[in-house]
Structures are given as C-alpha cells and as structure tokens.
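# Here is a sequence with its predicted model. Questions after.
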Amino acid sequence: MTLYLRLLDAARDGADWREAVRILFGLDPELDPRRCRLIHDSHLARARWMSDRGYRNLVRDSQRH
C-alpha cells in the first residue's frame, strides 16, 4: 500500500517515471527502459484504481466478516 501512495505522490509532484522507478523499485531504467516503464505504468494504474474505486471493495469486504 505504501508503494502505491508513494507512486501517487510522485505522479502528483510531476516526478519523472525513471526517477520513480529508480527510487521506489530499485531498478535501473537505463538497463531495460521498456520493462521499467511497464512496471511503473501498471503499478501507477493500480494505485489510481485503488484510490478511486478499489478501497470501496476493501471496506465492503471487511464489513462482511
């Protein structure tokens, strides 16, 4: 969860995706830029989904138990 929050903060602050990948994932985007970009973009998409809609599912599911 912390990773998603940090990704959202980085995107909000206009951080370059390469910097975010380097810091948050410990990857070198110079070695494999396509893979690193895919990792960044897919995790950021999931972070946005979680902040927009996904948390509702978590709350709803937790209330059932």
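Looks like it arrived, so ask away.
# Low-confidence regions, this structure specifically.
57-59, 61-62, 65 (pLDDT under 70).
# ranges for the helices of it?
Remark: helices assigned in the chain by DSSP state H are 2-12, 17-20, 33-49, 55-64.
# Look at residue 36 and say how many residues are nearby.
Counted with other C-beta atoms under 10 Å, the neighbours of residue 36 add up to 20. The way it works is simple: take the backbone N, C-alpha and C, and place the C-beta from them, glycine included.
# Surely it and residue 19 touch.
No. If you go by C-beta atoms under 8 Å, residue 36 and residue 19 don't touch, sitting 11.0 Å apart.
# Using CSV, please lay out the helices of the chain together with distance to residue 26.
Listed next are the helices of the chain as CSV, based on distance: least, C-beta to C-beta, whole Å:
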stretch, distance to residue 26
helix 2-12, 11
helix 17-20, 11
helix 33-49, 11
helix 55-64, 27
